[in-house]
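Trainee: Structure, please.
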Amino acid sequence: MNKIESLSDLFDMVECEVSYYDLGRNITKITPQQAIQFDRKQQAYPFPFRQHAWLACLLKKKLADQSNKATQTNKAEDGVIWFLKLPLDEAGCLNLGTRDHFIKSIVDKILHKGEEAGLSEALEDSPYAFKPDQERMASFHAMLGKDLHQAPSAYFQAVVDYLSSDLSEANEAWQTLGLQGIAELAARVNDDKYHALINNALPLAASPLVSALCHALEHEILPTSLQNTLIELIQTEQDALMQASYLRALSRADLNDALLLPLFGLLGSLSECQDQELHPIAALAAKCPHWLGQNPQLLRIIMEKLAHREDGYIAFKQIAAELSQHPETEQPLWSLLRSGRVSPTLAQAVGYLFTQTPKSVQ
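Mentor: Below you'll find the model as predicted:
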């Protein structure tokens, strides 16, 4: 057996072609070049989230007859999907020790059970496996199906039919719609027909449906007109959960003046932070840290607001921990917390953060 020194070596050993998707902050197709670079530790992992690489690996057996195009297309549906959570080191690269431990565990299992059983059962009881939640799983399958040119599910047509109806009427049919259909619609947002359907639905459809649609849209780069619709909704929406949903849908948009000013308006006063305001703040920290890294004033407003809460610094600690794990915000956050140009209240919260004892954490 050849020496196995990378994930690609492992997949070559079992004669599989692999396609990588990142399932961290957003669902993103990883290019073959990116895969080679992070696998061989030539570059940092391109989409770090909470100090891990959250990978979906689609494995398909290599075919002996590469000329049989029709067979190759059909066999795509017979692939095995692995969901891997691999830790990253201080430089953002795959931790080679844990990666090699993972590879050894897989090789041992395949040698013990045989290749076919080993592939399908390889991640049973593995500490490196994870299970995406329902929303993320639906969005991943929607993206995968689109990439493989597969027809959408029956759930998709039900969503299209409902959103094509008169949404101003009292119609409770949205309650029967499936997450898979909503995710498949979001995956087609850059198709003019479906883009118009989504744009019309956002201000009119029932809030639970719009929220689920926004959560699916967070994985897509949206057309400008749809971004503008969401920005307008942020400025008029009073419900904090819906504000957070709109932010998630916009999370892959560039931070420009059209978006920045509504964000300042949404965050409001530095000296108060009600419970409901935590929803958009959490969305910004988890899904939009690149915005906070680009604009230190946004970051300062969030940390000031959290420091002014009378909750024993619980929210402050949680958001600070979240932001300290993002490459985009780690350095700006520590620069802010060590700065002398903050309010006494924020300075006190920072002091608590650095001096708390294990007992006080509990």
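Trainee: for Ser8, phi and psi?
Mentor: For Ser8, the backbone dihedrals are phi -60, psi -40 (criterion: degrees, to the nearest 10).
Trainee: Count the neighbours of it for me.
Mentor: 15 (other CB atoms under 10 Å). The C-beta positions use only the backbone N, C-alpha and C, and glycine is treated the same way.
Trainee: do the same with the one 4 residues further on
Mentor: Asp12 has 15 neighbouring residues, counting by other CB under 10 Å.
Trainee: Repeat that for Cys16.
Mentor: Cys16, neighbours per other CB under 10 Å, totals 18.
Trainee: and if you look at the one 3 residues further on?
Mentor: As a burial measure, Ser19 scores 19 neighbours (other CB under 10 Å).
Trainee: what sits against the nearest residue to it once chain neighbours are set aside?
Mentor: In this structure, Ser19 finds its nearest non-sequential neighbour in Leu58, 4.4 Å apart by CB to CB, 6 or more residues apart in numbering. Going by CB atoms under 8 Å, 6 or more residues apart in numbering, Leu58 touches Val18, Ser19, Tyr20, Tyr21, Gly79, Val80, Ile81, Leu144.
Trainee: host element of Leu58?
Mentor: Applying DSSP states H and E as the criterion places Leu58 in strand 52-61.
Trainee: average pLDDT for that strand?
Mentor: Strand 52-61 shows a mean pLDDT of 94.
Trainee: Neighbours of Ile103, how many?
Mentor: When neighbours are counted by other CB under 10 Å, Ile103 comes out with 17.
Trainee: in terms of contact, does it touch Leu10 like I think?
Mentor: Yes. At 5.2 Å, Ile103 counts as touching Leu10 under the criterion of CB atoms under 8 Å.
Trainee: Domains in the protein, by residue range?
Mentor: For the chain, automatic domain parsing gives the domain ranges 7-132, 254-362.
Trainee: Compare the mean pLDDT across those domains and name the weakest.
Mentor: Of all the domains of the chain, domain 7-132 carries the lowest average pLDDT, namely a mean of 84.
Trainee: Tell me how far that domain lies from the chain's centre.
Mentor: 18 Å (CA atoms, centre = their mean, to the nearest Å).
Trainee: again, but for stretch 196-212
Mentor: Worked out by CA atoms, centre = their mean, stretch 196-212 lies 21 Å from the chain centre.
Trainee: and if you look at stretch 218-237?
Mentor: 18 Å.
Trainee: quick one: contacts of that stretch?
Mentor: Outside stretch 218-237, the residues within contact range by CB under 8 Å, 6+ apart are 26-28, 139, 143, 186-187, 189-190, 195, 198-199, 202-203, 214, 242-243, 246-253, 258-259, 262-263, 265-266, 287.
Trainee: Give me the buried positions along that stretch.
Mentor: Under the neighbour-count criterion of 16 or more other CB atoms under 10 Å, stretch 218-237 has 218-220, 222-223, 226-227, 229-231, 233-234, 237 buried.
Trainee: Ok, stretch 308-318 next?
Mentor: Within stretch 308-318, the residues scored as buried using 16+ other CB under 10 Å are His308, Arg309, Tyr313, Ala315, Phe316, Lys317.
Trainee: Stretch 100-110 now?
Mentor: For stretch 100-110, a neighbour-count test (16+ other CB under 10 Å) marks Phe102, Ile103, Ser105, Ile106, Val107, Lys109, Ile110 as buried.
Trainee: same deal with stretch 167-180?
Mentor: Buried residues in stretch 167-180, counting neighbours by 16+ other CB under 10 Å, are found at Leu167, Trp174, Leu177, Gly178, Leu179, Gln180.
Trainee: which stretches of the stretch 251-362 of the chain form strands?
Mentor: Along the stretch 251-362 of the chain, counting by DSSP state E, counting those that start in this stretch, no stretch forms strands.
Trainee: so which strand or helix has Leu86?
Mentor: strand 80-87.
Trainee: Now list the buried members of the contacts of stretch 218-237.
Mentor: Taking 16+ other CB under 10 Å as the criterion, what is buried in the contacts of stretch 218-237 is 26-28, 139, 143, 186-187, 189, 195, 198-199, 202, 214, 242-243, 246-253, 259, 262-263, 266, 287.
Trainee: Give me the subset of those residues lying in strands.
Mentor: Thr28 (DSSP state E).
Trainee: Among the buried ones among the contacts of stretch 218-237, name the ones in helices.
Mentor: Those of these mapping onto helices are 139, 143, 186, 195, 198-199, 214, 242-243, 246-249, 259, 262-263, 266, 287, per DSSP state H.
Trainee: Need the contact partners of stretch 103-122.
Mentor: Contacts for stretch 103-122 (CB under 8 Å, 6+ apart): Ile4, Leu7, Asp9, Leu10, Met13, Val14, Cys16, Leu59, Val80, Trp82, Ser126.
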